[in-house]
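Asker: structure for the following, please:
(4 chains)
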2 protein chains.
Amino acid sequence: MTDVAQRSGVSIASVSRALRGESGVSPATRERILTAARELAYVVSPEASRLSGGPTGRVGVVVPRVDAWFYSTVLAGIAGEFDAVGVDLVLCALPDHPARHRFFEALPLRRKVDAVVVVSVPLTTRERSRLTQLGLPTVFVGGHHPRDGQPWVGIDDELAAQQAVGHLLRIGHRDIAMIQAGDNEGIPWATNEARIRGFHRMVSEAGLGDSTVVTVEWGIDGGARGMETLLSGPELPSAVFCHSDEIALGALRTLRRSGISVPHQISVIGVDDHPSADLSDLTTVAQPVCQQGQIAARQVLAHLDPDAVQAPAEVTTLPTRLVVRGSTAPPR
Amino acid sequence: MTDVAQRSGVSIASVSRALRGESGVSPATRERILTAARELAYVVSPEASRLSGGPTGRVGVVVPRVDAWFYSTVLAGIAGEFDAVGVDLVLCALPDHPARHRFFEALPLRRKVDAVVVVSVPLTTRERSRLTQLGLPTVFVGGHHPRDGQPWVGIDDELAAQQAVGHLLRIGHRDIAMIQAGDNEGIPWATNEARIRGFHRMVSEAGLGDSTVVTVEWGIDGGARGMETLLSGPELPSAVFCHSDEIALGALRTLRRSGISVPHQISVIGVDDHPSADLSDLTTVAQPVCQQGQIAARQVLAHLDPDAVQAPAEVTTLPTRLVVRGSTAPPR
DNA sequence: CTGAAAGCGCTTACAG
DNA sequence: CTGAAAGCGCTTACAG
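Answerer: Numbers count the residues shown, from 1 in each chain, chains lettered A, B, ... in the order given. So this is what the prediction gives:
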């Protein structure tokens, strides 16, 4: 900053003001300073800035894991928006219980970032209160709507389930099972609860009787096992609604290996529109994923600097869309 | 820290030394200081620490993009290792030319991190020199071996290609085409070059004549178009070696839509062992991905604190492994 | 609009 | 072993 000040012939105070776009600097000097800064490829030291009461220029992003399509795509959306305004992204993945525990107890993000984006992490009361103790603006992607009116972006999971099951009903299925993703370490995922609620609502509104629901661990293998369970039952349902595409893809794998023909003997539908859904010709309910990240990012950025970014609505529910492919057909 | 100094009746210099476990503090004072610190629930300010010459406790990770299986999986491996030792991960994605340009010209990582991990980003000479200007320890994952002996971890891409083509030759194929991923924005990807080299070597060592190579944009759609090109040729090869699984998956999609049976009419093989390869029954050459991230992470961490982490070899080449599935069979 | 100066909370030579 | 002091690179009243 001293270099920039020298090069533009002003004091560091003016540089600081100009760089932060503060009012009270004449357009001419501002221009000169910005040019000098660009020429020197100057970047502010977040430490010094922070130490003197400024922001860190960093935002923490918390994801359950990064090596899953949904999260990495949300992350890409966030990263793109941050990059555009020069905000650094500090990534926190909580793939297992120890990592999760460490995160909420030690609060490693404390004093290191200006805000936090929490992606799809279901929170216990304790965890929610720890997060509050960070004292940082926080926006949530997916899962529970925060009760206290904090910014949120996501889809209507119950509606998504209804769209999927509605499609099955519409083409004539009466015997529909569901493969549901189980709770992770005893913490209820709002997404799961909403999707199963949507399923039950549609089934009961259609006046159908009891329907089979098997609960498995989330993922392709979970889906595969879920379908094995259904195959071992007394009679095969004519259609299966899967909690998500990864579950559905696992289910398809089991069916293929069992020589059961899709959609002739059984229809399968998922939720997400995972890239593999297209490859596997899986009917699904698509949700915008990258966009959820982008909107969440804009929400935090608007919070940090209302002038820089057009603020999206505090709570944004994005639409989902039925995508019919080859894995669903009327029952025989 | 002033509080701790007062409470234990020493100078802040001694407190700083005692807290960092530096030698040169008498056991008695050290004890007194640690007790006082505990009583006051004192935590050092990372900002102040950094500003006075300490480390940032942060490492930058640069990836071409985060929403692709390979990169997000490497990232997960890195994140896990960092988390275990309390190092923060600053994520930089360079999905397009502007982002890439901004990164190398503005060097937003400067003064913000203690080291950098560069994942699979092919570098121009200019970019390499900019990176050097950061003056930070850097480790590379995949792509070119850095000439100057910097730490590197990856696989032998040429060998991987040979394993794939070797399999096709072994089961009797004589007419093998390749779908190759093209250069991205004019920058040659070492991975691409090595894989095509391996292909040509195997084909010529087998004494086969000219073989068709089509070059497409990386990704599923690229692979699909590549196969369309092959289909429009004079005669269908009996087997196709694809640069990677995503290309192969696209190729399979085209074949399915064209009603061409795999492996009966044509064999397809890829490289990676992408999760979808299993779902699509694709034969491939598997590479360890998460592990590449873990090793790279340990390399940086060992660099930053040789005592804390067991250092892996400076250059680590991980083995690849042929995984035979249903998409390859002897020619008719 | 602009600058001189204090201060953020540490680390690190430099003396003692 | 211990302390006084400079300085890290900023922001922010406070003057001009």
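
Asker: state the pLDDT value of residue A:269.
Answerer: What the model reports as pLDDT for residue A:269 is 98.

Asker: again but with residue A:322, I slipped
Answerer: 98.

Asker: ok, now the one 4 residues further on?
Answerer: Residue A:326 carries a pLDDT score of 95 in this model.

Asker: for it, helix, strand, or coil?
Answerer: Secondary structure, DSSP: H, G, I helix; E, B strand; the rest coil: residue A:326 is coil.

Asker: what's the neighbour count on it?
Answerer: 13 (other CB atoms under 10 Å in any protein chain shown). Placement of C-beta: from N, CA and C, glycine included.

Asker: does anything pack onto the helix-or-strand element of chain A with minimal mean pLDDT? Which helices or strands?
Answerer: Least confident element among the helices and strands of chain A, by mean pLDDT, DSSP states H and E: helix A:46-51 (a mean of 84). When contacts are defined as 3 or more CB pairs under 8 Å, 6 or more residues apart in numbering or on different chains; DSSP states H and E, helix A:46-51 sits against helix B:46-51.

Asker: hang on, the earlier thing: is the least confident helix or strand of chain A up against DNA strand C anywhere?
Answerer: Yes. For a cut-off given as CB under 7 Å from any atom of the strand, helix A:46-51 has contacts with DNA strand C, namely A:48, A:51.

Asker: need the next SSE after that helix, C-terminal direction.
Answerer: strand A:58-63 (DSSP states H and E).

Asker: compute the inter-axis angle for that following strand and strand B:58-63.
Answerer: 60 degrees (axes from the mean of the first three to the mean of the last three CA atoms, to 10 degrees).

Asker: show me what strand A:58-63 packs onto, helices and strands only.
Answerer: By 3+ CB pairs under 8 Å, 6+ apart, strand A:58-63 packs against helix A:69-85, strand A:88-93, strand A:115-119.

Asker: buried stuff in the following helix or strand past the last one?
Answerer: Stepping forward along the backbone from strand A:115-119, the first helix or strand reached (DSSP H and E) is helix A:125-133. Of the residues in helix A:125-133, those with enough neighbours to count as buried (16 or more other CB atoms under 10 Å in any protein chain shown) are A:127-128, A:130-131.

Asker: for burial, what's the neighbour tally of residue A:86?
Answerer: Neighbours around residue A:86, by other CB under 10 Å: 12.

Asker: the helix or strand containing residue A:248 - contacts with which helices or strands?
Answerer: Under the criterion of DSSP H and E, residue A:248 resides in helix A:245-257. Secondary-structure packing of helix A:245-257 (3+ CB pairs under 8 Å, 6+ apart): strand A:176-181, helix A:220-231, strand A:239-242, strand A:267-272, helix A:275-279, helix B:275-279.

Asker: if we can go back for a sec, which of the buried residues of helix A:125-133 sits closest to chain B?
Answerer: Distance ranking of the buried residues of helix A:125-133 against chain B, using CB to the nearest CB, places residue A:130 first at 15.5 Å.

Asker: Three-state assignment for the spatially closest residue to the closest one that is not a sequence neighbour, please.
Answerer: Distance criterion CB to CB, 6 or more residues apart in numbering or on different chains; nearest residue to residue A:130, sequence neighbours excluded, is residue A:104 at 4.6 Å. Using three-state DSSP, the structure places residue A:104 in helix.
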